[in-house]
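S.K.: Just need the structure, nothing else, for what follows:
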Amino acid sequence: MKQISIFILITIVFISCKTDLVYMTVTEPAPVSIPGYVKNVGIIDRSIPAAENKVRNIIDDVLSAKGPELDREGAKESIRGVKDALLQNNRFQTVTFLDKVDIKTAGAGMFPSPMSWDVVEKICKENNVDAIFALELFDTDSKISYSTIPTTLNTPLGGIRAVETSATMATMVKTGWRIYDPQSKLILDEFPISESLTFSGKGVNPLAAASALLDRKEAVKQTGYKVGQTYAFRILPYNIRVNREYYIKGNDNFIMAKRMARAGNWDGAAELWKKETNNTKIKIKQRAYYNMAIISEINGDLDNAIEWSQKSYEMSGKRLSLNYVNILKCRKNENNRLKLQGDQTQ
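M.R.: So this is what the prediction gives:
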């Protein structure tokens, strides 16, 4: 009886399903808009702590289990990651690492206050750049934990019972970037990125176990490069996959249109849906209006899509139609931003 009930429930759900999903790719605007007059950019490293904070920085190195030059090496790789990504997308004419610019931060592990516009303008003028990408923060914070387990050591004299030490190090790589535009005197972006790493090692004592963790330097450098590239992608539009519901039931034309749509013949399905926009039954007409909005979006005509979906909602009051109206209006706003970003690259 229980199996029969489950079968009936599944059958009812299947029969009552009046919509299907269509998947499409849409282009979203870049999170950060760069003005069109920015053609040449400079990258600076502002993450190096100032000399007057040497004692504080040494304490930070000890408490966070850093190796010598770990942050500096990671920062160099993060800058290289940003530079490589910016050069690959052809958005700018030149991308230059301004390694001669020597501006220190107040202390390790802190996102410093923004540079003054006098300083920004001076750097841009001296290096013939229009804007500055500044690595404001690069800091690694590590914590080591130890555990012990009984083991047997093989020796010429036979097995000797001993205790093996296992060391685990959790490292947080923290970076922070700003983009300075001296012409508008605006900070176009201010964004921190963090990445966590975990390392482990074993040895007959804590010192031997910890020594197995020393290869983390290369991992920190690789992470620095990766997060640098990730940051550079913030100025680029990106694609996402979305889905939309559309009606597949109502009358014979909807059933036939469903098969056409699933076979990829969206034009054929649209012809059948358009016929039903003149149907005398409100329910059929509303669904046809809604589906015409779907085909309009697929064809890239957001204005028509909004018009069809609004008519569908006004006719029926269906929440599905109202939600779709809001989605389409949001997409239109995003497309306006996208168009503006495209114009700015010319």
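S.K.: can I assume I193 is in contact with F138?
M.R.: No. I193 lies out of contact with F138 (C-beta atoms under 8 Å); the separation is 10.3 Å. Just so you know, the C-beta spots here come from the backbone N, C-alpha and C atoms, and that holds for glycine as well.
S.K.: all strands of the protein, in order?
M.R.: Listed in chain order, the strands of the chain (DSSP state E) span 19-28, 40-45, 94-97, 131-155, 158-181, 186-203, 238-247.
S.K.: Any chance of the ones you listed in CSV with distance to I34 and mean pLDDT as columns?
M.R.: Formatted as CSV, these follow (distance: least, C-beta to C-beta, whole Å; pLDDT from 0 to 100):
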stretch, distance to I34, mean pLDDT
strand 19-28, 16, 94
strand 40-45, 9, 97
strand 94-97, 12, 96
strand 131-155, 7, 78
strand 158-181, 8, 79
strand 186-203, 7, 83
strand 238-247, 15, 95
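S.K.: Quick one, which of those gets closest to R337.
M.R.: strand 19-28 (9.0 Å; C-beta to C-beta).
S.K.: Strand partners (parallel or antiparallel) of that closest one?
M.R.: Applying DSSP bridges to the sheet, strand 19-28 is found paired with strand 238-247 (antiparallel).
S.K.: Tabulate the CA atom coordinates of the strand it pairs with in PDB.
M.R.: Extracted in PDB, the C-alpha atoms of strand 238-247 (Å, rounded to 0.1, in the frame of the first residue of the first chain):
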ATOM      1  CA  TYR A 238      31.600  37.700 -17.200                       C
ATOM      2  CA  ASN A 239      29.100  35.000 -18.300                       C
ATOM      3  CA  ILE A 240      26.800  33.100 -16.000                       C
ATOM      4  CA  ARG A 241      24.300  30.300 -16.700                       C
ATOM      5  CA  VAL A 242      20.700  31.000 -15.800                       C
ATOM      6  CA  ASN A 243      17.400  29.200 -16.200                       C
ATOM      7  CA  ARG A 244      13.900  30.300 -17.000                       C
ATOM      8  CA  GLU A 245      10.500  28.500 -16.500                       C
ATOM      9  CA  TYR A 246       8.100  28.400 -19.500                       C
ATOM     10  CA  TYR A 247       4.700  26.900 -19.900                       C
END
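S.K.: Name the nearest residue to T94, ignoring sequence neighbours.
M.R.: Excluding the flanking residues, the one nearest T94 by C-beta to C-beta, 6 or more residues apart in numbering is N40, at 4.5 Å.
S.K.: is it true that that neighbour touches C124?
M.R.: No. Using C-beta under 8 Å as the test, N40 is too far from C124 to be in contact (9.1 Å).
S.K.: just to revisit the earlier point, want to try CSV for the strands of the chain, with distance to Y231 and mean neighbour count as columns?
M.R.: CSV is the format used below for these (distance: least, C-beta to C-beta, whole Å; neighbours: other C-beta atoms under 10 Å):
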stretch, distance to Y231, mean neighbour count
strand 19-28, 17, 12
strand 40-45, 11, 22
strand 94-97, 13, 16
strand 131-155, 8, 17
strand 158-181, 5, 18
strand 186-203, 6, 15
strand 238-247, 14, 14
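S.K.: closest one to K76 among the ones you listed?
M.R.: For K76, the closest of those is strand 40-45, at 7.6 Å, according to C-beta to C-beta.
S.K.: Distance from the closest one to the middle of the chain?
M.R.: Relative to the centre of its chain, strand 40-45 is centred 22 Å away, using C-alpha atoms, centre = their mean, to the nearest Å.
S.K.: Same check on stretch 24-36?
M.R.: Taking C-alpha atoms, centre = their mean, one finds stretch 24-36 lying 12 Å from the centre of the chain it belongs to.
S.K.: cool, stretch 277-290 as well?
M.R.: With C-alpha atoms, centre = their mean, you get 40 Å for stretch 277-290.
S.K.: and that stretch, C-alpha only, in PDB?
M.R.: Provided in PDB are the C-alpha atoms of stretch 277-290 (Å, rounded to 0.1, in the frame of the first residue of the first chain):
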ATOM      1  CA  THR A 277      -2.000  35.100 -27.700                       C
ATOM      2  CA  ASN A 278      -5.400  35.500 -29.500                       C
ATOM      3  CA  ASN A 279      -7.000  32.600 -27.600                       C
ATOM      4  CA  THR A 280     -10.300  33.500 -26.000                       C
ATOM      5  CA  LYS A 281      -9.400  31.600 -22.800                       C
ATOM      6  CA  ILE A 282      -7.600  33.900 -20.300                       C
ATOM      7  CA  LYS A 283      -5.400  31.100 -18.900                       C
ATOM      8  CA  ILE A 284      -4.200  30.000 -22.400                       C
ATOM      9  CA  LYS A 285      -3.700  33.600 -23.500                       C
ATOM     10  CA  GLN A 286      -1.700  34.500 -20.300                       C
ATOM     11  CA  ARG A 287       0.600  31.500 -20.800                       C
ATOM     12  CA  ALA A 288       1.200  32.400 -24.400                       C
ATOM     13  CA  TYR A 289       2.100  36.000 -23.400                       C
ATOM     14  CA  TYR A 290       4.500  34.700 -20.900                       C
END
